[in-house]
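**Q** need coordinates for the below:
(chains A and B)
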Amino acid sequence: MIGGQVFVIDHSRCIGCEACVHACEECGTHRGTSLIHLEELDPGVSTQTAPTVCMHCEDPTCAKVCPADAIKQNEAGVVQSALKPRCIGCSNCVYACPFGVPRYFPEPDQMMKCDMCFDRTSQGLAPMCASVCPSEALWYGTPEQFAERRPGQLLSEFDFGNQRVRTHVATVVHDRSDGPLDVANMTVRERWQDDPFGIGAEYTKVRP
Amino acid sequence: MARPPLSEQDLIDRYGPHLNQAPPGGWDSGLKVDKVVDTHCCFCGQQCGIKLKVADNQVIGFEPRYDFPFNRGMLCPKGVKRYLQGNHPDRLLEPLERDQGVDGGFRSISWDHALDRTVAEIRRIGEQHGPDAFAMLSGVSLTNEKSYLIGKFARLALGTANLDYNGRLCMVSAGAASKRALGVDRAPNPWSDIPLADVIIVAGANVAECAPITTSYIWRARDRGAKVIVADPRVTPLARTADVFLGLRPGTDSALFGSILHVLVANDWIDQNYIDAHTTGFDEAAAAVADHTPKWAQEVTGVPADRIIEAARLWGTSDTGMLLHARGIEHHSKGVENVNACINLGLATGKYGRPGCGVCTITGQGNGQGGREHGHKCDQLPGNRDITNPEHRAHVADIWGCDVAEIPGKGITAQEIVEAIHDGQIKGLLSICFNPLVSLPDTTFTREALNKLEFYAVIDFFLSETAHHADVVLPGSLHEEDEGTVTTVEGRCVKINAAVDPPGQARRDWDILRDLARRLGRGQYFDFDNTQDLFDEMCRASAGGSADYAGMTWDRIVAEQGIFWPCPEPGHPGTPRLFEGGKFFHPDGKAKFFPIRYRDPAEVVDTDYPVWLTTGRVVSQFLSGTQTRRIAQLVEQYPEPLCEMHPLLANQLGVASGDRVTVTSRRGSITVPAKVVETIRPDTVFIPYHWPGDKAANTLTNRALDPISKIPEYKVSAVRLEKATGHINVTDTRDTRLHDGETPEATR
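**A** Now for the predicted structure:
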């Protein structure tokens, strides 16, 4: 949390418009390079998309696996891009991050990733992506503002198999007391989605 | 004959679209920001607030405008990258005249030559064929001030009845239906009403892609527990989370809405007190759908009957509710009927004039609302007045200082103008802010028509595909180069501020039109020095009309973050919500039901053309793409039109995602890659229409018009599909590459 503000991702609100992708490119610390991820989860089957900023782990896996000690957290908990003089471009961090966030750029031979728009957030402004997001899938503010504005509870613990990851960025769940989010088991569907167009038996030809 | 001087490819090589990748001087230019200008996005009717960052008379970036209440900083991809249309290599910087003999097909000329030749041709055509043989086509990306000016310019300077605009392809079905049912043409609610609704029906509106900011309003309603019902042939991103999804067959909207009304009546889920007190015509409307049972509607629409009943139950039993509709139900030969069928649902349940209650069109174009009110519609005068009404004409003649007889009568509509050009009735054309070669149906026909023009002059900032046909090109102004007002989807009039001056010899649009008027000897009616003068005159002209701006001033609009019309006198607070207390705008104060029975679309599938085609937009492109096909990041997001089809249809054709397919209608044929998705009906394909030439979806679409609104039936055509040779990768790999710099495959 920077100045008491928390970054929230609510995938159920994402409409895949990519405003965040374009706005990320406008971030003052890495102008011209977009670092946010936006993925189609089940292309051709669902329009569900998922935006991913760096989750800014409390104990970042990317930093732990870096053989050059190039990945640092600042005093606000923001995990930064690899330090240019140290980064050896090995991509250990790229493969190790449970959220798939860091990317290696051959030019300038460095791992770069979301730094939570530190130029903005350190001045009290929302990050670019959370500023423009038209569906509030990406949101930035205090937990009190969140509670006032929206239902759901903030959760920032995730289980990846045996690895439990605590992050500064939060996601939204119905009930936090259900415990950490098991990312391997998250399917929720409305019933009509089993057959959106009421095709019936014929549909088994494409969706057995 | 207005034929392009060179091949399309040669003109594209010279005039674009080329792709602007980065702000002036590059991403690391280090240019120092001299000023930050509060304004609005240049694209859709949401009119999001945005701040433009300016250095050395160039827009170099943007900053979210958190203080503007509609979008609070939010933007869609087009809004984020809109600033890259400035300092563009394709920008027209000097007047041009067609000359096959020169490199590029157009030669640079002086303003005097360009304007004098245009005036000479207007006069020649007028003298030889009458003033109505010279037409003007306009558009509603233009401000209110320019819209007002164009209405006056066409009538008093050109003297033609034949002025119409590209809103004819957009909001006219909704406008006509609202006017005849409710007595006024405006979405009845401020968008802040949406989160207050207990049930929301979204009908024929791909909100997530075409009005992205509206998503947050719907999500906030859902946060409160509202039920969301989506009617669409595709599971759009918004539909994904709907409580009830009505995946109807294209062209069957009035069967669906009629059946919902049938269920409301059958179950007494209506508000009889409201109907009795505030409406007329209910019994006829109910009788018209007496046989529109859910079982019948299931056959017609393809939507399971139980879902129709559930949608009706949610709408009829919720205290508050909003129905949002857009081009999906309006682009039909029954566009007006479809909208009236929606309005019937609102009136029958008393869902008007209260917080969280209303039936609203989601206006598409930037100034779709204001533009249509102030006079560049062939049948209207400023203030939403009727050009055939003697009192309305007299009022406007008084403001204009002309004889009533000098104002021509009702002209023909945009598509009819193109047909009259094709027929040889109209010989000359001046256009601004309109790219009919991409946006009108039946592209081949439109091209033939343009080729027949004796003279064509165009005012634009880029050389659009239509402008390839021009005799004279007059370089006009971009949105950020002029000031004025626009009226948003909510009916809120907001202020556009100029960030920079037009580059090169380009001039502001109003300055070009004033100069033309003076050279036509009609300068006495165009004696203004700036857009504020125009605004003040427009407000006076609107006074007493239904779209009454008389109480507005620029200062108030800025101070109050926009004013909702009607605002009939100084100090009036404006009218965010219409119809409070059940007061409608007809002389008797009541709203009118219209009896709407389902009828078939103009074209239906048969054995030769067995598949339905529907068209629409993608989030990263805007309308005919004149601006957005020139911005690299937006093009990369969705580079070319794809034909969406269901796997059941794809399997029949032996087609996989990325295989090229030839799509053929009675009008023509295009070949595009397939995108195989389970989110579309198996009997329907979808192709977005933003592209020209051999990628133009409108090559396939039908020129059938709604009898009242004269909107073309873009949303329903019959086609056949065949697998073609070739394959491209249509999977978006931009974000799945772990290492940037790998040889990128063709994206999507």
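
**Q** ok, residue 16 - how many residues close by?
**A** With no chain named, the answer covers chain A. 22 (other C-beta atoms under 10 Å in any protein chain shown). (Glycine included, C-beta is placed from N, CA and C.)

**Q** sorry, I should have been clearer: chain B.
**A** 19.

**Q** chain neighbours aside, what residue packs nearest to it?
**A** Nearest in space to B:G16, with sequence neighbours left out and distances taken as C-beta to C-beta, 6 or more residues apart in numbering or on different chains, is B:D90 at 3.5 Å.

**Q** so that neighbour, which of the three states?
**A** In three-state terms, and counting by DSSP: H, G, I helix; E, B strand; the rest coil, B:D90 is coil.

**Q** how close does it sit to chain A?
**A** 20 Å (C-beta to the nearest C-beta, to the nearest Å).

**Q** for that residue, phi and psi?
**A** phi -90, psi -10 (degrees, to the nearest 10).

**Q** which residues touch it?
**A** When contacts are counted by C-beta atoms under 8 Å, 6 or more residues apart in numbering or on different chains, B:D90 touches B:15-18, B:462-463, B:630.

**Q** could you give the number of residues near B:Q425?
**A** B:Q425: 17 surrounding residues under other C-beta under 10 Å.

**Q** what number of residues lie near the nearest residue to it once chain neighbours are set aside?
**A** Excluding the flanking residues, the one nearest B:Q425 by C-beta to C-beta, 6+ apart is B:A133, at 6.9 Å. Neighbour count of B:A133, defined by other C-beta under 10 Å: 20.

**Q** separation between B:A133 and chain A?
**A** 45 Å.

**Q** element containing B:K51, please.
**A** strand B:49-55 (DSSP states H and E).

**Q** what packs against that strand?
**A** Applying 3 or more C-beta pairs under 8 Å, 6 or more residues apart in numbering or on different chains; DSSP states H and E, one finds that strand B:49-55 contacts strand B:35-40, strand B:58-64.

**Q** CA atoms of it as CSV?
**A** Below are the C-alpha coordinates for strand B:49-55, written out as CSV (Å, rounded to 0.1, in the frame of the first residue of the first chain):
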residue,chain,number,x,y,z
GLY,B,49,-13.5,14.2,-20.3
ILE,B,50,-9.7,14.2,-21.0
LYS,B,51,-6.8,16.5,-20.6
LEU,B,52,-4.5,17.0,-23.5
LYS,B,53,-0.8,17.8,-22.9
VAL,B,54,0.6,20.4,-25.3
ALA,B,55,4.2,21.4,-26.1
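
**Q** show me where chain A has helices.
**A** A:19-24, A:61-64, A:92-96, A:118-121, A:128-132, A:143-149 (DSSP state H).

**Q** just to revisit the earlier point, pick the most buried one from the helices and strands packed on strand B:49-55.
**A** strand B:58-64 (a mean of 22; mean count of other C-beta atoms under 10 Å in any protein chain shown).

**Q** could you count how many residues lie near residue 22?
**A** Reading this off chain A. If we define neighbours as other C-beta under 10 Å, then A:H22 has 28 of them.

**Q** please refer instead to chain B.
**A** By other C-beta under 10 Å, 17 other residues sit near B:A22.

**Q** phi first, then psi, for it.
**A** Main-chain dihedrals, B:A22, degrees, to the nearest 10: phi -150, psi 160.
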